[in-house]
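S.K.: no sequence on this one, just coordinates:
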């Protein structure tokens, strides 16, 4: 799972194993260690009807409706977005890049533009 933060925009990207774990366990979490502190970013399944996010302490938690997780898993849907107060939220499948990159992309979703 990757996150990108830019201004008031928060974007989560999920690989195939990330999505499978989220479907199976209802929770996904990653950690980034800094000097003396750790940033935790997570996704939790909810019964709500929209994406929301909370930032408390050193923890960012995206709450995602189970119905959205199921649709992301079962269909070609790329992602979902929502406005949560001043913050724009986006969660999407992580596709392989069209250009050559050094990063291992073996767990990414196939890029739908690859065959065009």
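M.R.: Structure's in. What do you need? Everything numeric here is computed off the predicted structure, so don't read it as measured data. Numbering: from 1, shown residues only.

S.K.: hang on, residue 20 in a strand?
M.R.: No - secondary structure of residue 20, determined by DSSP: H, G, I helix; E, B strand; the rest coil: helix, with no strand assignment.

S.K.: mind checking pLDDT for it?
M.R.: For residue 20, the pLDDT comes out at 95.

S.K.: and what about the nearest residue to it once chain neighbours are set aside, helix, strand or coil?
M.R.: Nearest residue to residue 20, sequence neighbours excluded (Cβ to Cβ, 6 or more residues apart in numbering): residue 73, at 7.8 Å. Backbone N, C-alpha and C define where each C-beta goes, glycine included. Here residue 73 takes the helix state, with states given by three-state DSSP.

S.K.: from residue 90, how far off is residue 73?
M.R.: 17 Å (Cβ to Cβ, to the nearest Å).

S.K.: about what we covered before: quick one, what contacts the residue nearest to residue 20?
M.R.: 19-20, 23 (Cβ atoms under 8 Å, 6 or more residues apart in numbering).
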